[in-house]
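Novice: no sequence for this one, just the structure:
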Ligand code: DAH
């Protein structure tokens, strides 16, 4: 049996000497050490050897096997070395080939609108503040004079975390937070994410709102109108007419919505403006006395105005984008256009 093993070893070594490719190496390895390989088969036969001789023969067999293993490993390294050397010798790098183009885009259109608006309002002296996205029901609804039975409180319109805590549905609660911490006169603006359970071409469960508030002893409806007109004309361009329409909001009295002249048809009427010539862009009004008082401000001494607008809506109208969902897909072909 030992002779047989030695013979196999001789043969294997000879074959090893002659081969030069990884493929041949693998083939020979299988031939000797594979499941049905010559070496494996003979090692199995060891089981049939009489017990007294088995131990000794096993040891010899293992020595031969180990020697052979070492030779196999050496040969394998040599082959790999040779292949690498050949590759280094024959391969060239063409440094004149153009590199891979790294795709780059520009600012996201929403970011652009946010930057523009922040710049406009800070020049006008507004304090830019943040508020929490997880908000108390008391601040998101009650303090804003929104009745307990109001539809906007339903679970179909609001994401509730507990009975008393929601994902804010509007940036208006930041008004209350600000009033509680500041003495008038002041002008503040807050920009941030708001959440509502909607999803279609013109609604996404998360969107951005801008909230503005100005309070002072003699802040009048005339100030309010002039201020908003100038903000909106700076966003859309001074050639665009604006108009106020009476409306209702629980937190303001009187309330108004503001429209900007349609940029596509210049007020003549088209599909975008539903043939009215106007696009609705914000809600606003003189702050309801109950809201001032919820913010610990003396409603007999001070008055103010507030406004709220959707950042996505403004951006869509400004750039003529017709599907809100495009903002959130991050398709570089869309983003590149801005
Ligand atoms: N919070 C309102 C909304 O989400 C927008 C709004 C309207 C805010 C009028 C105001 C306001 O501050 O005065 O639809």
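Specialist: That came through, no problem. What you are looking at is a predicted structure, and each value in this text was computed from that prediction instead of being measured.
Novice: Near the ligand, which residues of this protein are found?
Specialist: 170, 172, 211, 249, 251, 252, 283, 284, 285, 306, 307, 308 (CB under 6 Å from any ligand atom). Backbone N, C-alpha and C define where each C-beta goes, glycine included.
Novice: How many residues are close by the third one?
Specialist: Neighbourhood size, residue 211 [other CB atoms under 10 Å]: 23.
Novice: and if you look at the fourth one?
Specialist: Burial measure for residue 249: 21 neighbouring residues, criterion other CB under 10 Å.
Novice: Run through the bridge partners of it.
Specialist: When bridges are called by DSSP bridges, residue 249 pairs up with residue 252.
Novice: so which residue of the stretch 101-250 of the chain comes closest to the ligand?
Specialist: residue 170 (3.7 Å; CB to the nearest ligand atom).
Novice: Does that residue touch residue 140 like I think?
Specialist: Yes: Residue 170 is within contact range of residue 140, at 7.1 Å (criterion: CB atoms under 8 Å).
Novice: just to revisit the earlier point, in space, what's closest to the residue of the stretch 101-250 of the chain closest to the ligand - neighbours in sequence excluded?
Specialist: residue 194 (5.5 Å; CB to CB, 6 or more residues apart in numbering).
Novice: Now for that neighbour: which residues touch it?
Specialist: By CB atoms under 8 Å, 6 or more residues apart in numbering, the residues touching residue 194 are 133, 167, 168, 169, 170, 171, 206, 207, 208, 209.
Novice: Format those as JSON lines; extra columns: secondary structure, neighbour count and pLDDT.
Specialist: Shown next, in JSON lines, are the contacts of residue 194 (DSSP: H, G, I helix; E, B strand; the rest coil; neighbours: other CB atoms under 10 Å; pLDDT from 0 to 100):
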{"residue": "133", "secondary structure": "coil", "neighbour count": "14", "pLDDT": "98"}
{"residue": "167", "secondary structure": "strand", "neighbour count": "20", "pLDDT": "98"}
{"residue": "168", "secondary structure": "coil", "neighbour count": "25", "pLDDT": "98"}
{"residue": "169", "secondary structure": "coil", "neighbour count": "21", "pLDDT": "98"}
{"residue": "170", "secondary structure": "coil", "neighbour count": "22", "pLDDT": "97"}
{"residue": "171", "secondary structure": "coil", "neighbour count": "25", "pLDDT": "97"}
{"residue": "206", "secondary structure": "strand", "neighbour count": "13", "pLDDT": "95"}
{"residue": "207", "secondary structure": "strand", "neighbour count": "19", "pLDDT": "94"}
{"residue": "208", "secondary structure": "strand", "neighbour count": "20", "pLDDT": "96"}
{"residue": "209", "secondary structure": "strand", "neighbour count": "22", "pLDDT": "96"}
